[in-house]
Each structure stands twice: as structure tokens, then as C-alpha cells.
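Asker: coords please:
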Amino acid sequence: MTVLGAVLAGGASSRMGRDKAAVVVGGRTMLDRVSDALAEVCDRVVVLGPEREDVETWPDRDPGSGPLAGLANALERADTDHVLLVAVDNAFVRVETLRGLVSLAGEMPVIPVDRDGVRQVTCALYPTSLAGIAREELEAGGSLQSLVDRVAFRPVTPDEWAAWGEDGRSWDSIDDEPSLRAAEATYHDDVPGEACGVFAAYSTTQRVSHLIYFGLFALQHRGQESAGIATSNGETVTVYKDLGLVAQVFDESSLAGLDGHLGIGHTRYSTTGSNTWANSQPTHRQAGITSIALGHNGNLTNTAELATRLGVTEATTDSDLMTEDLARAIDDDRSDGRGLERALMQVAPGWKGAFSLVIMDQGRIVGLRDTNGFRPLCLGSLPDGGWVLSSETAALDLVGARFVREIGAGEMVVIDATGVRSYHPFAEVKPGLCLFEFVYFARPDSQMYGRNIHAARTEMGRRLAGEHPVDADVVVPVPESGIPAAQGFAAASGIPYHDGLVKNRYVGRTFIEPTQMLRDRGIRLKLNPLTDSLTGKRVVLVDDSIVRGSTTRKLVEMVREAGATEVHLRVSSPPYRWPCFYGMDTADRSTLIAASMEVEEIRESLGCDTLGYLSLDGLLEATGVADAGFCTACLSGDYPTEIPLNTDKFQLERS
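Answerer: Here you go, the predicted model:
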């Protein structure tokens with residue numbers, strides 16, 4: 001049995017005012033998402049509608065006649081037994097659902113029927129033998145629904161599609177802005193998205209805007225959606241921010257307008273709120289004569305509670321709420337000028353969850369970490385006597401700063417003309433740095449808990465080789481983050497290390513890329529195989545993590561197509577089974593492949609010969625600082641704080 005995947009991709013939505021196929025949902029267009037899902041189960045995928053670049057398109061033979069015209073066209077032209085038809089605005093569609101429809105293929109159409117009795121005719125399987133009847137119905141002025149009225153069909157009941165793990169979202173149409181935001185809340189890419197990078201500087205001898213620019217440049221890997229800098233000359237706080245990469249947002253003219261001797265910077269990946277200019281940071285408030293700006297790395301877990309307490313209905317991010325909370329608490333009448341730090345001491349204990357903050361007013365910068373220290377923050381000194389704060393030590397190196405120490409969990413550091421002073425606003429602290437900083441997020445040349453990240457990742461590979469040995473000819477990393485673990489695996493196993501995949505270094509990380517083409521082309525855009533290293537070889541493919549699995553599945557296929565005789569997948573972290581509420585964009589557990597599958601089931605789904613994950617104990621020991629305090633919630637389900645039962649990144653925008 002053969003199946004053609006057909007995407008119904010007509011014109012603009014009247015309620016969105018634009019071509020729905022090009023609307024971006026969670027980092028990829030709706031056309032990309034639907035086509036990608038169909039490619040998982042169909043022999044071939046075509047797009048029904050206007051001509052488009054880079055995809056195979058079958059233009060409607062009867063323009064303006066609606067979905068039935070598209071289906072009739074596909075049924076007549078297909079050289080397959082069936083056509084699996086999916087409307088482009090069904091961006092919720094799941095691969096498991098499509099596989100379920102195909103599994104029921106027979107002589108009749110296979111059409112889901114929802115709990116209200118509505119037939120989901122634009123996410124259904126049609127035999128090509130219906131071509132003649134479809135053409136007759138079209139010429140008679142009928143519709144897709146009237147076609148189904150004429151023929152017998154195999155209904156799929158809600159209980160049946162629930163058995164596929166389907167909750168009904170595959171048939172939710174996206175045709176207005178609220179439904180678009182709801183769709184975005186559902187999707188997350190194949191590697192967890194990290195929150196942000198923050199940087200701050202205080203120097204009386206250098207233009208801090210340039211220091212902050214280069215600091216953010218070194219932290220670009222932590223977020224690629226927007227960038228911003230705020231500076232002060234002692235009297236006025238100036239903020240400049242925009243969507244895009246650091247080098248796209250800033251140039252000499254924009255940096256020249258950021259005058260002053262102190263400032264903060266931020267590069268963003270959204271975990272609360274959409275990717276819009278209004279949600280970019282630093283956030284800013286004027287509180288009487290005090291002007292404050294804030295940059296946030298992390299995610300609050302009491303966002304809704306905070307919004308209610310403040311009576312705020314217009315905020316769209318937790319960072320915006322924190323800024324508002326802080327501004328209201330500032331006492332402008334203090335004669336010592338320390339209204340900002342005193343306000344922070346007052347309001348910070350009411351913030352729950354993850355936050356590593358850089359904050360400023362006209363005369364000082366402040367660094368603050370939550371009681372668990374989920375997100376990193378460190379202090380560095382400049383040769384001229386100035387100071388910097390940074391998410392990672394690697395950024396200190398770029399600006400010529402010397403690492404002094406990490407800001408402790410629950411610690412607040414204030415830097416002004418008098419120097420550096422430390423406060424502890426919280427009654428209790430329990431260090432719990434996100435373990436994925438060691439696995440993936442942090443740059444390999446950074447240090448955390450006094451441990452070099454590259455060395456830790458290499459040790460992860462050594463331990464992985466010990467836990468999951470295999471007979472193979474070559475060890476190949478998934479670049480870039482899989483390289484240290486692959487080197488460790490090769491060293492411990494004695495299997496030669498080879499670069500079998502070449503990465504285009506000018507393409508962003510998968511999880512934070514703002515737009516992508518079809519997943520097939522997108523992976524080729526990032527990675528291309530070196531066939532000489534793979535042909536005829538038993539390959540150990542080493543990656544740092546598997547979250548959703550779609551990209552990994554394509555990588556395995558790519559390596560096989562390049563000539564590998566066997567593909568043994570090794571992962572230098574445990575199965576990612578639980579959602580994160582502390583700043584990684586994986587709050588929907590249904591998107592996590594390991595949440596519903598055991599290791600052998602995952603292996604079958606990915607198509608590799610063997611699959612081995614590093615154990616949690618092995619991962620912790622590989623850090624070299626196992627007792628320093630880590631959050632392992634996404635791997636163990638052991639959450640260090642109370643977590644919200646119902647939340648997503650757009651909760652404020654819907655309130």
C-alpha cells in the first residue's frame with residue numbers, strides 16, 4: 001500500500017489577513033509543520049495550492065473551488081493507493097495520529113469523527129479510487145462534506161484516536177491570532193530551549209555599551225530571538241532593544257547612543273510570552289525619579305499569582321511583572337540613594353521559581369539569583385577596577401575580565417561607586433543549578449561550580465562507553481554539543497573518532513531558530529554527512545540529548561543513507577521524561593518522546609540498531625561536582641519547588 005501526503009494550502013485567512021501556510025507556529029511555518037508530519041508516514045508529500053518555492057506544488061485545476069478541488073486534483077494525479085489529506089492550518093497534527101489513519105486504510109475513506117459528531121474531512125485518508133466521484137461532486141458544485149455524504153466511510157471514533165495518544169488537537173484549525181498563540185504553546189523543538197543570557201558592566205574608564213555588546217555576543221547561544229542593552233550616565237537610563245541577533249540589533253550608531261558608565265544587557269529566548277518586540281528585554285519602568293531596567297534569565301512559577309496580586313492585566317511576561325513589582329516598592333525619598341536594593345530586599349522573596357537577574361537604576365547594577373540558583377550568574381573584575389556580571393564565564397574572557405566567583409543561590413550583589421556589596425534577601429536557600437547547563441546549554445569553554453564544561457562533557461562520554469559498550473568501527477558526534485561526549489566515548493572504548501557530520505556554523509541552534517524550512521531540508525541545512533567516514537561502517541552516533549525525537553530520527557536516516565551499515569545511538573544524558581518550569585521551553589509533557597515510551601520503544605521509533613542513555617548517577621558523577629546541588633527535575637521528576645498545575649508561556653497574553 002502506498003500513500004501520498006497532500007497538504008491543503010490555499011490562500012489567505014480572512015481572519016488572519018495573510019497566507020496561513022507562511023504563518024509561523026513555534027518557530028516553523030504551518031506548512032513546514034504539516035508537511036513534516038506527513039513525511040513521517042507517506043511515500044511522498046505534495047502541496048495543493050498556489051505555486052511555492054522549494055516544495056513540490058500541485059496548483060488547483062479549479063481555483064477558488066475550495067478543499068474539494070484540491071482533493072480531486074490529488075486523487076486524479078496520484079500514483080499511489082491513497083491520499084492522506086491534511087489542511088495546512090491543522091498545525092497541531094501529530095505523526096501518531098497520521099500513522100493511525102494509515103493503519104486503517106482500505107477501500108473506504110478513513111475519517112475521524114469528533115465528540116460532537118463532526119467529521120474531520122480535512123485530516124483524513126482517501127482511496128484514489130474516489131477520483132471519479134470527487135470530480136462529479138466538484139462539477140455539481142459540491143463540497144468535501146457533500147462528497148463524504150455520497151460514499152461509505154470508515155469513521156474513527158474519539159476512543160480510537162485516544163488510543164493513539166490523540167487528544168483532539170490534530171483537528172484544531174489555526175485561523176486567527178488566539179488560536180495561533182494556543183498552537184505555539186503546544187510546540188517545542190527537538191532540543192530544550194533555554195531562557196536567556198544576561199550581562200552587566202560597571203566601568204568609569206570604558207564605554208560600557210561596547211563591553212555589554214561583546215558580552216552578549218559571547219552569550220548568543222543562550223537566545224537568538226531578541227537583544228537589548230540599557231545604560232546610564234548617572235542621570236538618565238537609555239534602553240535600545242529589537243528582535244534579532246546581537247550583531248543584527250546593534251551597530252556603531254546604536255551603540256553610540258547608549259552613553260554611560262554602567263548598564264545591563266539581555267539576549268532572549270522566550271519561555272514566557274511570544275517573540276515580539278514588546279516582550280524583548282531589558283524591561284524598563286520609571287518610579288518617580290528612579291529609572292530602572294531589568295534583564296531576566298529563568299521562569300517564574302507563580303506568574304499568575306503575581307499578576308493577580310499586582311492587579312496587572314496588560315503584562316505579557318513574568319519579567320514585566322517583576323519590573324512592575326519592583327517599581328512599586330521603590331522609595332524615592334531615601335537619602336542614601338539605595339531605594340532599588342531596598343525594594344529588591346522587600347519584593348524578591350515573593351518571586352518563586354527560577355530567576356538570575358541583572359537590574360539597574362541610574363547609579364548601580366545589581367545581580368540576583370533565586371534560592372535554588374537554577375540559572376547561572378557570575379562576577380568578574382575588569383583591569384581598570386570595573387566589574388561585570390555574566391550568565392557564563394566565557395563572556396568574561398571576551399571582554400578581558402577576570403573571573404572572581406559565582407553569585408551564590410539566593411544572593412544579591414550590588415555594584416556602584418563604592419564597590420561590591422552582598423546581601424541575602426531569602427530566609428532559606430538550597431542550591432540546585434539546572435543540570436542541563438552541563439549537558440547542553442553552557443558553552444564548553446565556560447566553568448560552573450569550578451568545573452570546566454568541556455571536561456565534564458568528555459567524562460560523560462567516557463562513562464557512557466562504560467555503561468553501553470558496543471562493537472563498532474567509528475564514533476561520530478552530532479555537532480557541536482555532542483563532540484566532547486563523542487571524544488570521551490572514543491577514548492574509553494578504543495573505537496576511532498571521526499567527524500561524520502559537517503555543521504553549517506552560520507545556522508542557529510535547532511531549538512532557538514526563529515524560522516525553518518521543511519524539517520528534511522532544515523536538517524540538511526544544518527548538518528551534512530561525510531560519506532567517506534560513514535560508508536560501510538558500523539557507526540556510534542553520539543548526541544547530548546533527545547527531547548521530541550523528530551530531528552534525531554532524521555539524523556539516523558541521514559547516516560544510513562550515507563552508507564552506514566549499522567547506527568548505534570548513544571546519548572550522554574538520561575531520558576528526558578518530565579517538563580521544565582524553570583526556564584526551559586518544554587512545559588508540555590506530551591511533546592517529550594520519553595514521557596510515553598520506554599527505551600526499546602524509542603529505539604524502534606528512531607530507527608537505530610541500539611540505543612543507550614547515560615544514567616542519572618553517571619551524569620552527576622561526570623560533572624565532578626555531584627554534591628554541589630543540581631536540579632534534575634526533567635530527568636527524574638523530582639521538582640525542588642512547588643510547581644503550577646496549569647501553565648504555559650502564553651498565560652499572561654490570554655488573561
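
Asker: residue 610 and residue 502, how far apart?
Answerer: If you measure residue 610 against residue 502 using Cβ to Cβ, to the nearest Å, the figure is 25 Å. All C-beta atoms are positioned from the backbone trio N, CA, C, and that covers glycine.

Asker: tell me which of the two has more neighbours.
Answerer: With neighbours defined as other Cβ atoms under 10 Å, residue 610 and residue 502 compare such that residue 610 has more, 16 against 13.

Asker: is it true that that one touches residue 603?
Answerer: Yes. The pair residue 610 / residue 603 is scored as a contact, 6.8 Å apart, by Cβ atoms under 8 Å.

Asker: residues shared between the contacts of those two?
Answerer: residue 569 (Cβ atoms under 8 Å, 6 or more residues apart in numbering).

Asker: distance from the helix of greatest length in the chain to the middle of the chain?
Answerer: Ranked by number of residues, the top helix in the chain under DSSP state H is helix 453-467. A distance of 25 Å separates the centroid of the chain from that of helix 453-467, by Cα atoms, centre = their mean, to the nearest Å.

Asker: elements contacting it?
Answerer: helix 483-493, strand 566-571, helix 616-623 (3 or more Cβ pairs under 8 Å, 6 or more residues apart in numbering; DSSP states H and E).

Asker: shouldn't residue 38 be in contact with residue 85?
Answerer: No. Taking contacts as Cβ under 8 Å, residue 38 lies outside contact range of residue 85: 9.5 Å.

Asker: common neighbours of the two, please.
Answerer: In contact with both residue 38 and residue 85: residue 6, using Cβ under 8 Å, 6+ apart.

Asker: would you map the helices across the stretch 151-300 of the chain?
Answerer: 158-163, 177-186, 208-218, 246-249, 252-256 (DSSP state H, counting those that start in this stretch).

Asker: in JSON lines: the ones you listed, plus distance to residue 123.
Answerer: Shown next, in JSON lines, are the helices of the stretch 151-300 of the chain (distance: least, Cβ to Cβ, whole Å):
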{"stretch": "helix 158-163", "distance to residue 123": "10"}
{"stretch": "helix 177-186", "distance to residue 123": "15"}
{"stretch": "helix 208-218", "distance to residue 123": "43"}
{"stretch": "helix 246-249", "distance to residue 123": "38"}
{"stretch": "helix 252-256", "distance to residue 123": "47"}
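
Asker: please identify the deepest-packed of those.
Answerer: Each of the helices of the stretch 151-300 of the chain was scored by mean neighbour count; the highest is helix 208-218, a mean of 25, by mean count of other Cβ atoms under 10 Å.

Asker: give the other helices and strands that that one contacts.
Answerer: strand 196-202, strand 226-232, helix 246-249, helix 252-256, strand 262-268, strand 387-390, helix 393-399.

Asker: using a markdown table, lay out those together with mean pLDDT.
Answerer: As requested, these are exported to a markdown table (pLDDT from 0 to 100):
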| stretch | mean pLDDT |
| --- | --- |
| strand 196-202 | 96 |
| strand 226-232 | 95 |
| helix 246-249 | 90 |
| helix 252-256 | 93 |
| strand 262-268 | 94 |
| strand 387-390 | 98 |
| helix 393-399 | 95 |
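
Asker: now distance to residue 357 too, for those, in JSON lines please.
Answerer: Below are the helices and strands packed on helix 208-218 laid out as JSON lines (distance: least, Cβ to Cβ, whole Å):
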{"stretch": "strand 196-202", "distance to residue 357": "7"}
{"stretch": "strand 226-232", "distance to residue 357": "13"}
{"stretch": "helix 246-249", "distance to residue 357": "19"}
{"stretch": "helix 252-256", "distance to residue 357": "23"}
{"stretch": "strand 262-268", "distance to residue 357": "9"}
{"stretch": "strand 387-390", "distance to residue 357": "9"}
{"stretch": "helix 393-399", "distance to residue 357": "16"}
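
Asker: minimum distance to residue 630: which of the ones you listed has it?
Answerer: helix 393-399 (18.0 Å; Cβ to Cβ).

Asker: run the chain-centre distance for stretch 303-313.
Answerer: Distance, centroid of stretch 303-313 to centroid of chain: 26 Å (Cα atoms, centre = their mean).

Asker: tell me the buried residues in it?
Answerer: Neighbour counts over stretch 303-313 (16 or more other Cβ atoms under 10 Å) mark 303-304, 306-307 as buried.

Asker: residue 365: which of those is nearest?
Answerer: Nearest member of these to residue 365, counting by Cβ to Cβ, is residue 306, at 23.6 Å.

Asker: give the contact list for the closest one.
Answerer: 300, 318, 321-322, 325, 350-351.

Asker: circling back to that earlier point, quick one: which of residue 38 and residue 85 has more around it?
Answerer: Using other Cβ under 10 Å as the criterion, residue 38 and residue 85 rank with residue 85 on top: 26 against 23.

Asker: for the closest residue to that one other than its chain neighbours, give me its contacts.
Answerer: The shortest distance from residue 85 to any residue other than its chain neighbours is 5.1 Å, reached at residue 6 (Cβ to Cβ, 6 or more residues apart in numbering). Residues in contact with residue 6 (Cβ under 8 Å, 6+ apart) are 38, 45-48, 58, 70-71, 74, 78, 83-86.

Asker: would you list the phi and psi of residue 6?
Answerer: Residue 6 adopts backbone torsions of phi -130, psi 120, taken as degrees, to the nearest 10.

Asker: and it, how far is that from residue 431?
Answerer: Separation of residue 6 from residue 431 (Cβ to Cβ): 53 Å.

Asker: what about the helices in the stretch 451-600 of the chain?
Answerer: Using DSSP H, counting those that start in this stretch, helices in the stretch 451-600 of the chain cover 453-467, 483-493, 519-526, 531-534, 550-561, 593-596, 599-606.

Asker: all strands of the stretch 301-450 of the chain, in order?
Answerer: 353-360, 365-369, 378-381, 387-390, 402-406, 412-416, 419-423, 433-434, 447-448 (DSSP state E, counting those that start in this stretch).

Asker: each with direction, which strands does the first one pair with?
Answerer: According to DSSP bridges, the neighbouring strands of strand 353-360, each with its direction, are strand 290-300 (antiparallel), strand 365-369 (antiparallel).

Asker: how about the strands of the stretch 301-450 of the chain in JSON lines, adding mean neighbour count and distance to residue 639?
Answerer: Output for the strands of the stretch 301-450 of the chain, formatted as JSON lines (neighbours: other Cβ atoms under 10 Å; distance: least, Cβ to Cβ, whole Å):
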{"stretch": "strand 353-360", "mean neighbour count": "28", "distance to residue 639": "11"}
{"stretch": "strand 365-369", "mean neighbour count": "26", "distance to residue 639": "18"}
{"stretch": "strand 378-381", "mean neighbour count": "21", "distance to residue 639": "25"}
{"stretch": "strand 387-390", "mean neighbour count": "29", "distance to residue 639": "27"}
{"stretch": "strand 402-406", "mean neighbour count": "15", "distance to residue 639": "23"}
{"stretch": "strand 412-416", "mean neighbour count": "21", "distance to residue 639": "24"}
{"stretch": "strand 419-423", "mean neighbour count": "13", "distance to residue 639": "27"}
{"stretch": "strand 433-434", "mean neighbour count": "27", "distance to residue 639": "12"}
{"stretch": "strand 447-448", "mean neighbour count": "22", "distance to residue 639": "21"}
